[in-house]
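Enquirer: pasting the sequence and the predicted coordinates here, then a few questions.
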Amino acid sequence: MHVSGFVDYLNPTIQDLLGPCDIITVQRNVVSEEVLNAIRYWQGMNVPTCIDLDDAYWRLVRSNPAFRYWIEHPDVKEPEKEPLVVLERGLRMCNALTSPNRLILKDWAHVTRGYHLPNFAREEWWTGLPTREELKAKLGLTGRTVIGWGGSVSHYDSWWGSGLREAATAISRRHPEVLWLICGNDPRIHDQLPVSPDCKRQQGGVPPNDWPKLVSSFDIGVAPLSGIYDQRRSWIKTLEYGLAGAPWVATAGEPYGDHAFFGKLVRGDPDEWQRAIEATLLNLSAEQAAAEQRIPLYRQWLIGNQLGTYEQVFNNIISDFQVDTASLPGIHFVNWPVAGKQETITAAVAA
């Protein structure tokens, strides 16, 4: 449900949709008093409400377009309405925080209880895919060795601070058959990658269900990270490379640590990136065969195979929920003393 529907909580259609729920998750958009009121309302109606965060807005770097909204917020004049202030209020109010990254949970452990809930993949998107060579032919990349990556505008520093950008120059010089396939709608990474134009290609964004077809064209996948913001990402890239049977090289750290056994992890050093990628290139057939043999291991992280994980997390949140700590928005709860008795009467008074 879009957040615009969530905040319209008294609408009969929204009531019919959310009223029967055992639990509600608000994804990211805890940025206004209207959202906080909706959370209060459903808690007051005995529905525990948790927040899910997969991005560390409080760690944003200036190159990220979202920095202006979350950190600078020039149009916000009242401190209590600053986005991070509202987000923290929401986290204090909610019944739990879920996140695919443990460092995000640690950042907010002083505010609310956290549960690690990784990003999983949809089976129907990763089943019955064409072969790598068929997909490369469709892209006009037959005969090229594709090193692929995809991401949003928030990944600019991931390339520039990880060492991969500098390593790409040396790799392309020594391996002219390599083509860097940069997927996504931010042209900066492609345009500024220091390799010749015939060694790189920009691929625009595609619908989510078509993304596995692009990933499955990669001969090698890369997943660079840079800084404390990137260390709060999810493991989705190495999971997707694994499901595609592509060997991968990634920056070491929290996001990809759970998959360390399946690929190569490097530190932020161009020479280390170059050595890891060249070792894969020089033994590519064997590396790809080994990666394809590991596909069944990665398929344990398909959503359908992780329903028990969701159920356990949500049941824990539900069992900890106490409705008497919630209050309906616009309602003030007051205690009136009873004359001559050590008792009070609690009444709800509409604002």
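Expert: Done, it's in. Numbers count the residues shown, from 1 in each chain.
Enquirer: okay, which residue is most central for this protein?
Expert: residue 54 (4.0 Å; CA atoms, centre = their mean).
Enquirer: show me the domain layout of this structure.
Expert: Using automatic domain parsing, the domain ranges for the chain come out as 3-119+305-350, 123-301.
Enquirer: what's the mean pLDDT across the first one?
Expert: Domain 3-119+305-350 shows a mean pLDDT of 88.
Enquirer: can you check the last one too?
Expert: Throughout domain 123-301, pLDDT has a mean value of 96.
Enquirer: distance from it to the middle of the chain?
Expert: The chain centre lies 17 Å from the centre of domain 123-301; the measure is CA atoms, centre = their mean, to the nearest Å.
Enquirer: ditto for stretch 38-49
Expert: Chain-centre distance of stretch 38-49: 25 Å, with CA atoms, centre = their mean.
Enquirer: contact partners of it?
Expert: The contact list for stretch 38-49 (CB atoms under 8 Å, 6 or more residues apart in numbering) reads 6-7, 9, 18-19, 21-26, 30, 90, 93-96, 317-318, 320-321, 323, 325-329, 331. Where you see a C-beta, it was placed from the backbone N, CA and C, and this is true even at glycine.
Enquirer: just the buried subset of those, written out for PyMOL, thanks.
Expert: To isolate the buried members of these in PyMOL, using 16 or more other CB atoms under 10 Å:
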select buried, resi 6+7+9+18+23+24+25+26+30+90+93+94+95+96+317+321+326+328+329
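Enquirer: narrow the contacts of stretch 38-49 to those in helices?
Expert: Under the assignment DSSP state H, these contribute 6, 18, 90, 93, 317-318, 320 to helices.
Enquirer: looks like residue 255 contacts residue 228 (just checking).
Expert: No - look at residue 255 against residue 228 with CB atoms under 8 Å: they stay out of range, at 11.9 Å.
Enquirer: tell me which of the two has more neighbours.
Expert: Neighbour count, other CB atoms under 10 Å: between residue 255 and residue 228, residue 255 has more, with 24 against 13.
Enquirer: mind jotting down where the helices sit in the stretch 101-250 of the chain?
Expert: When secondary structure is read from DSSP state H, counting those that start in this stretch, the stretch 101-250 of the chain shows helices at 102-107, 132-138, 156-160, 164-174, 188-192, 211-215, 227-230, 236-243.
Enquirer: tell me the most buried of these?
Expert: Most buried of the helices of the stretch 101-250 of the chain by mean neighbour count (mean count of other CB atoms under 10 Å) is helix 236-243; its value is a mean of 24.
Enquirer: helix or strand: which one has residue 51?
Expert: Assessed by DSSP states H and E, residue 51 sits inside strand 49-52.
Enquirer: in contact with residue 293, which residues?
Expert: Shown in contact with residue 293 (CB under 8 Å, 6+ apart): no residues.
Enquirer: do I have it right that residue 5 meets residue 14?
Expert: Yes - using CB under 8 Å, residue 5 is in contact with residue 14, at 5.7 Å.
Enquirer: tell me which of the domains of the chain sits most buried.
Expert: Mean neighbours per residue, mean count of other CB under 10 Å, is largest over the domains of the chain for domain 123-301, with a mean of 18.
Enquirer: alpha carbons only: can I get stretch 269-288 in CSV?
Expert: Extracted in CSV, the C-alpha atoms of stretch 269-288 (Å, rounded to 0.1, in the frame of the first residue of the first chain):
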residue,chain,number,x,y,z
ASP,A,269,42.6,-1.4,-2.4
PRO,A,270,42.8,-1.1,-6.2
ASP,A,271,45.6,-3.7,-6.5
GLU,A,272,43.5,-6.2,-4.4
TRP,A,273,40.5,-5.6,-6.7
GLN,A,274,42.7,-6.2,-9.7
ARG,A,275,44.2,-9.4,-8.4
ALA,A,276,40.8,-10.9,-7.4
ILE,A,277,39.1,-10.0,-10.8
GLU,A,278,42.1,-11.2,-12.8
ALA,A,279,42.3,-14.5,-10.9
THR,A,280,38.6,-15.0,-11.9
LEU,A,281,39.2,-14.0,-15.5
LEU,A,282,42.1,-16.3,-15.9
ASN,A,283,40.1,-19.3,-14.6
LEU,A,284,36.7,-18.2,-15.8
SER,A,285,35.2,-21.5,-17.1
ALA,A,286,36.0,-23.3,-13.9
GLU,A,287,34.9,-20.3,-11.7
GLN,A,288,31.5,-20.2,-13.6
